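Asks: build me a structure from this.
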Amino acid sequence: MSEYEDKAMPLPSFAMAANSKQSSISSNNGDNSCPPSPARSQIVGGPKYHAMGTPSTRPREVRSASGQKYLVWPMTQDVRDCNDTIHKDISIPPAVQVILDSPPVQRLVNLKQLGCAFNAYPCCTHTRKEHSLGVMELAGRLATNIQHKQRQLNVSDKDILCLRIAGLCHDLGHGPFSHTFETFLKAAYKNEKENPEQYEERNEKYKEQYGVEMPPLPESYEHEKTSCMMIDFALASVGLEIDWDNLDEPLKQIGVGTDREKFGVHLGHDKFQPLTSRDMIFIKECVLGAPLDEPDAPTAQETFMGRGRDKEFLFDIVNNRHNGLDVDKIDYYDRDSLGAYGSCQGNLNIFLRDAAVAKGLCPNPHTCFMCKGTPGEHLMISYPKKHVSSAMNFFATRIKNHENVYTHKKTKAAELQMVDLLLEADKHFGMLLPTQINDPYGSPVPSRFDSFEFQRLPVSRAWMYPRLFLRVDDTIVSIIESKAIENPLPQYGRLREFLNDRRNHKFYKCVAEVEIGPVGGGKFWEMSEDEMKEELLDKHAQYVIQGKLVTLEPDDFIVEKRTLHYGRKDKNPVSQMRFLESKSDQANLSNPIEKLPKAVEVENLPNNAPRSFLRQTIRFFCCKQYEKYELISHAFQQWKLHKMQQVEMPNCVFKIFPENHDDETEDDDDDQLFFSQPDSQPITQDDSELLLSPRKRKDSSDGSTKPAKKRLSYNYPPRQWFATSLSKRVDYSM
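Replies: Model (predicted):
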């Protein structure tokens, strides 16, 4: 506070004229005249008058320790209301409005919540901003409920405000098409590591023009950490920053924007508490669900810094580290179900209404940074035991939405094609995006980026600098398309094909699927996606179709391993929740913290609990529209037979999708061909001879003398298959 010095703003000339005029009128009225209205005197001629606003909204000039002068404004005192399709009425406090109006949060308008799912479900077009506002509202409702129900926990209005801001900002780190961007970054890292020659031209031109090496990609990307970066960016855009040297003081003023002493929570009766640096650290920890690490903190933190152990339950409201039941999922389960199915998933408000804080044994001691391997007690958000079945239904919604919406075969096909489009654009120097590092009109950035030196970056590095990431949203495809049109270079040919296919709604096609069974299926799952592709190409690479030799290439299809679970891999998430067993426990919720009741793990699973909480599937996608669909389908069938002969009773379910199957949201059961037992024999040939036309075979295991072409077609209804040979002898005795 001593770092800044207030300086009175001079009255403008017309205000001074109004002041002198009011004084002369008062002096000429005589003794019998009525004195001027005090309110009028204060507004027009009083010292609080300012031409740029009313007394409660006028700016002030502050001077920093370095001598810089900033004009800062107090935040509004009005609460903003808006409507929501799920939660009806949403109230937005003044401090939340400051963050809501910042560029990083407004960027969420151009990010679809479900990425590419709108290709399969046309109504799934809701945005990350809608979801973030919903999480903000639910975080406030849950915290307020705990505040009123258990006053001894001392949940303050400032705590509730911080949780609202955390709910609003928890998804700021998502890239274009949401989780598709994370898949793209993973693929980009792998491709640059395995195929560096594809990036040589780009990297050499970059070093030649800018004099620095391209920044390397990390092995993993977590959007929560990027959200923390964008929270700092949101603060910087309103002239504020976290001061790690003065955690319990108001935020550091670094530029023009919101007054740090007027950015906080109104307590009524003219009482006001500004948000401190510790409060903003608390907000970032709620988003991350863990202590801050570098560069969000000067050094890696070993425990929470925002709040103490007596308020550790607050960290589980937005991002529940214990069991995954939090307001983030409550909102998007309902919101996504409404867009996909036309209705919500039931009354999830019971998890807001009946939530209470009790003591509970840590369900994950080996990964808990507090327990460090030894199970300890936490203050956890718990529920009455009668809600066990409701909790199981809650997590069942997750696997249902993941299977039917988030990883629907058409959603995934469009996502994989989008990843390939971004990968192709990422290779070219002409597709680099300006970072605005020296742009005087760019939004202010946090001081942690003072040493940033990269003038341009590819899409895969856009998240490294907030000014660039601010402009990278779902419109990135249009930016790439414009660049490709302006520079019709030959090397952009494949990129233009991707762009044209997307414009014409031509996506990859799901050819087949293997659902791994609990017995013997591990032989399938143990193989990596690349190993599966290599094995299929090694044994089933060439075919003769209508007299022409056709070869399957690695770029013709994609192998995808999909994991479906209830939120905790192969564990039951309900077993990681804690429940109050009796009504006496609920009556003791008002006890002091040290005497709070103990919530326990449920012993008996509800009737609606599944036998297994983990499902694993392998899917094959065709990347060439209708050109090699039949080839890939036939190669998959032969590969499946080969694997089943290797494994005794693999207990897997095989599905082959016809080429003309409808990928929209209708039931796909009629379009799937199921194979659970070997139903055909392979066609073999000598290595030295390639079979180019159908012929009768006497060496087949079933003794058939029919042409191989016809015999093969019987196994693939309703389409006729024209593959007649393989390039190698397939040995199924391995």
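Asks: how far off centre is stretch 63-81?
Replies: Relative to its parent chain, stretch 63-81 has a centroid offset of 32 Å by C-alpha atoms, centre = their mean, to the nearest Å.
Asks: apologies, that question was intended for stretch 627-635.
Replies: 34 Å.
Asks: let's see it as CSV, backbone CA atoms only.
Replies: Extracted in CSV, the C-alpha atoms of stretch 627-635 (Å, rounded to 0.1, in the frame of the first residue of the first chain):
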residue,chain,number,x,y,z
GLU,A,627,-11.2,-45.7,-51.8
LYS,A,628,-9.8,-48.3,-49.5
TYR,A,629,-12.7,-48.8,-47.1
GLU,A,630,-13.3,-52.4,-48.2
LEU,A,631,-9.6,-53.2,-48.2
ILE,A,632,-9.2,-52.0,-44.6
SER,A,633,-12.3,-53.9,-43.5
HIS,A,634,-11.1,-57.1,-45.1
ALA,A,635,-7.6,-56.7,-43.6
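Asks: what mean pLDDT does it have?
Replies: What stretch 627-635 shows for mean pLDDT is 83.
Asks: OK, contacts around V419?
Replies: Taking C-beta atoms under 8 Å, 6 or more residues apart in numbering as the contact definition, V419 lies against T180, T183, F184, A187. All C-beta spots, glycine's among them, are computed from the backbone N, C-alpha and C.
Asks: redo the residues you listed as CSV? Include neighbour count and pLDDT.
Replies: Output for the contacts of V419, formatted as CSV (neighbours: other C-beta atoms under 10 Å; pLDDT from 0 to 100):
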residue, neighbour count, pLDDT
T180, 25, 95
T183, 20, 95
F184, 24, 97
A187, 17, 95
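Asks: let's see stretch 577-594 as PDB, backbone CA atoms only.
Replies: In PDB, the C-alpha atoms belonging to stretch 577-594 read as follows (Å, rounded to 0.1, in the frame of the first residue of the first chain):
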ATOM      1  CA  MET A 577     -16.600 -41.000  -1.800                       C
ATOM      2  CA  ARG A 578     -17.500 -40.600   1.900                       C
ATOM      3  CA  PHE A 579     -21.000 -41.000   3.300                       C
ATOM      4  CA  LEU A 580     -22.700 -40.200   6.600                       C
ATOM      5  CA  GLU A 581     -24.300 -43.400   7.900                       C
ATOM      6  CA  SER A 582     -26.900 -42.200  10.300                       C
ATOM      7  CA  LYS A 583     -29.100 -39.200  11.100                       C
ATOM      8  CA  SER A 584     -27.100 -38.600  14.300                       C
ATOM      9  CA  ASP A 585     -24.100 -38.000  12.100                       C
ATOM     10  CA  GLN A 586     -26.000 -35.400  10.200                       C
ATOM     11  CA  ALA A 587     -27.200 -33.800  13.400                       C
ATOM     12  CA  ASN A 588     -23.600 -33.500  14.500                       C
ATOM     13  CA  LEU A 589     -22.500 -31.500  11.500                       C
ATOM     14  CA  SER A 590     -22.800 -28.300  13.500                       C
ATOM     15  CA  ASN A 591     -20.200 -29.500  16.000                       C
ATOM     16  CA  PRO A 592     -16.800 -27.800  16.100                       C
ATOM     17  CA  ILE A 593     -14.300 -28.800  13.500                       C
ATOM     18  CA  GLU A 594     -12.400 -31.200  15.800                       C
END
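Asks: may I see the buried residues of that stretch?
Replies: M577, R578, F579, L580, D585, Q586, L589 (16 or more other C-beta atoms under 10 Å).
Asks: and for stretch 247-256?
Replies: Residues E249, P250, L251, K252, Q253, I254, G255 are the ones in stretch 247-256 that count as buried (16+ other C-beta under 10 Å).
Asks: which non-adjacent residue is nearest S102?
Replies: Nearest non-adjacent residue to S102, counting by C-beta to C-beta, 6 or more residues apart in numbering: A234, 4.2 Å away.
Asks: the one you found reaches Q106, doesn't it?
Replies: No: contact criterion C-beta atoms under 8 Å: A234 and Q106 do not qualify, at 9.9 Å.
Asks: neighbour count: those two, which is higher?
Replies: Neighbour count, other C-beta atoms under 10 Å: between A234 and Q106, A234 has more, with 26 against 13.
Asks: can you name the residues in contact with the strand or helix carrying that one?
Replies: Using DSSP states H and E, A234 maps to helix 223-237. Helix 223-237 is contacted by residues 99, 102-105, 169-175, 182, 241-242, 251, 254-255, 257, 280, 283-284, 287-289, 292-293, 296, 319, 443-446, 448, 463, 466, 469-470 when judged by C-beta under 8 Å, 6+ apart.
Asks: just to revisit the earlier point, which of the contacts of V419 fall within helices?
Replies: When the contacts of V419 are checked against helices (DSSP state H), the matches are T180, T183, F184, A187.
Asks: check what pLDDT the nearest residue to the last one once chain neighbours are set aside gets.
Replies: In this case it means A187. Closest residue in space to A187, ignoring its immediate chain neighbours: V419 at 5.5 Å, by C-beta to C-beta, 6+ apart. According to the prediction, V419 has pLDDT 97.
Asks: centre of the chain to the host helix or strand of V419, how far?
Replies: Assessed by DSSP H and E, V419 sits inside helix 409-426. Relative to the mean C-alpha coordinate of its chain, helix 409-426 is positioned 17 Å out (C-alpha atoms, centre = their mean).
Asks: contacting residues for D279?
Replies: D279 sits next to K158, C162, G306 when contact means C-beta under 8 Å, 6+ apart.
Asks: quick check, the second one in a helix?
Replies: Yes: with the criterion set as DSSP: H, G, I helix; E, B strand; the rest coil, the secondary structure at C162 is a helix.
Asks: my guess is it meets I281, correct?
Replies: No: if you go by C-beta under 8 Å, C162 and I281 don't touch, sitting 9.8 Å apart.
Asks: who's more crowded, these two?
Replies: More crowded of C162 and I281, by other C-beta under 10 Å: C162, with 27 against 24.
Asks: now that one: how far from G517?
Replies: Applying C-beta to C-beta, to the nearest Å, the value for C162 to G517 is 47 Å.
Asks: what of I558?
Replies: To G517, I558 is 23 Å away according to C-beta to C-beta.
Asks: ok, those two, which is more surrounded?
Replies: I558 (22 against 16).
Asks: can you verify the more buried one is assigned to a strand?
Replies: Yes: I558 sits within a strand when classified using three-state DSSP.
Asks: any idea whether the closest residue to it other than its chain neighbours is helix, strand or coil?
Replies: Nearest residue to I558, sequence neighbours excluded (C-beta to C-beta, 6+ apart): F621, at 4.5 Å. The local conformation at F621, judged by three-state DSSP, is strand.
Asks: likewise F272?
Replies: Three-state assignment for F272 (three-state DSSP): strand.
Asks: burial count for V472?
Replies: Neighbours of V472 under the rule other C-beta under 10 Å: 20.
Asks: for the host helix or strand of L267, the averaged confidence score.
Replies: For L267, the element it lies in under DSSP H and E is strand 264-268. The average pLDDT within strand 264-268 is 88.
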